[in-house]
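S.K.: everything below, folded, please.
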Amino acid sequence: MKYHHSSSFISLSRDRDSGRVFVDPETGGPRIDYTTSDFDRENNLEGIIGLAKVAYVSGAAEMRVHYPGVPPFLPNAAEQEKHVQDKDPEFTDAAFAKWLQQVRTAGNKPPLTSFGSAHQMGTCRMSATKESGVVDQRGSVWGTSNLYVADSSVFPSASGVNPMVTVMAIADWISRGVS
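M.R.: Have a look, this model is predicted:
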C-alpha cells in the first residue's frame, strides 16, 4: 500500500437503538451496557458499501475494509474506466459486485469489528416533565437543586452531525440561568 497516495474514510451513522448506564450492584460504580444492534450494524455497513462505491468511481486503485477475511479489492482499471456516470458500479463491474458481497457477508460483527463513538448525545435528555427526561428546560436536574447539565447529553437524541455549535449555544443558555 502506498500511504502517501492513500485516503481513509469512515462511515458515520446515527444509531437507532440504545444502551444503558447503571450502577453496578456489586461495586457501586457505573456500568455501561451497549452492543450495537443488528439494525444499526446493517445501517453502518451500507454506509461502508457507499464509501467503497465513492472510492471506485473516484478511481481508487485499491480498497480495503478492515473486516476479517475480506481481501483488498484492486479494480481492473479498464473496467473502472468504462464506468458510466449515474450508474451504480455494483451493477456494472461483476468483480466489484462480488467483492461488495464479500463485505456484506463478513459484515461488521462484534467483537471482530471495531466501532468508534464520538459526540455522545441524549443520555440526560432535556424535557418538559421529569417522567420524560433528566433535566428541565433550564438544564436543572429534576428533583435536585443546584445540579445542572449543560452539554450534548441534554439533546433529545443524537443529532447526526458534529454538535459543537449547538452545545455551545445550549451551554450558554443554561449558564444564564445558573445563579
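
S.K.: where does the chain have low pLDDT?
M.R.: For the chain, the stretches flagged by pLDDT under 70 are 1.

S.K.: residue boundaries of the helices in it?
M.R.: Assigned by DSSP state H, the helices in the chain fall at 38-57, 77-81, 94-106, 164-175.

S.K.: how many other residues sit next to residue 17?
M.R.: Neighbour count of residue 17, defined by other Cβ atoms under 10 Å: 11. C-betas here are computed from N, CA, C, even on glycine.

S.K.: that one against residue 42, yeah?
M.R.: No: Residue 17 is beyond contact range of residue 42, at 11.5 Å (criterion: Cβ atoms under 8 Å).

S.K.: and the chain, split by domain according to the record?
M.R.: What automatic domain parsing lists as the domains of the chain is 3-106, 119-179.

S.K.: compare the ones you listed and report which one is nearest to residue 113.
M.R.: With Cβ to Cβ as the criterion, residue 113 lies closest to domain 3-106 of the domains of the chain, at 6.0 Å.

S.K.: quick check: residue 39 touching residue 18?
M.R.: No: the criterion here is Cβ under 8 Å, and residue 39 misses it with residue 18 at 11.7 Å.

S.K.: let's have the domains of the chain in CSV, adding distance to residue 113.
M.R.: Formatted as CSV, these follow (distance: least, Cβ to Cβ, whole Å):
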stretch, distance to residue 113
domain 3-106, 6
domain 119-179, 20
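
S.K.: and those: which comes nearest residue 112?
M.R.: For the domains of the chain, the distance to residue 112 is smallest for domain 3-106, at 5.1 Å, taking Cβ to Cβ.

S.K.: distance from that closest one to the middle of the chain?
M.R.: 11 Å (Cα atoms, centre = their mean, to the nearest Å).

S.K.: same thing with stretch 172-179?
M.R.: How far stretch 172-179 lies from its chain's middle: 31 Å, per Cα atoms, centre = their mean.

S.K.: got the end-to-end distance for it?
M.R.: Stretch 172-179 has an end-to-end distance of 13 Å (Cα to Cα, to the nearest Å).

S.K.: can you tell me the closest non-neighbouring residue to residue 88?
M.R.: In space, and not counting its chain neighbours, residue 88 is closest to residue 53: 6.9 Å by Cβ to Cβ, 6 or more residues apart in numbering.

S.K.: okay, now the one you found: neighbour count?
M.R.: Residue 53: 16 surrounding residues under other Cβ under 10 Å.

S.K.: for residue 63, same thing?
M.R.: 20.

S.K.: with residue 99 instead?
M.R.: Residues within reach of residue 99, counting by other Cβ under 10 Å, total 22.
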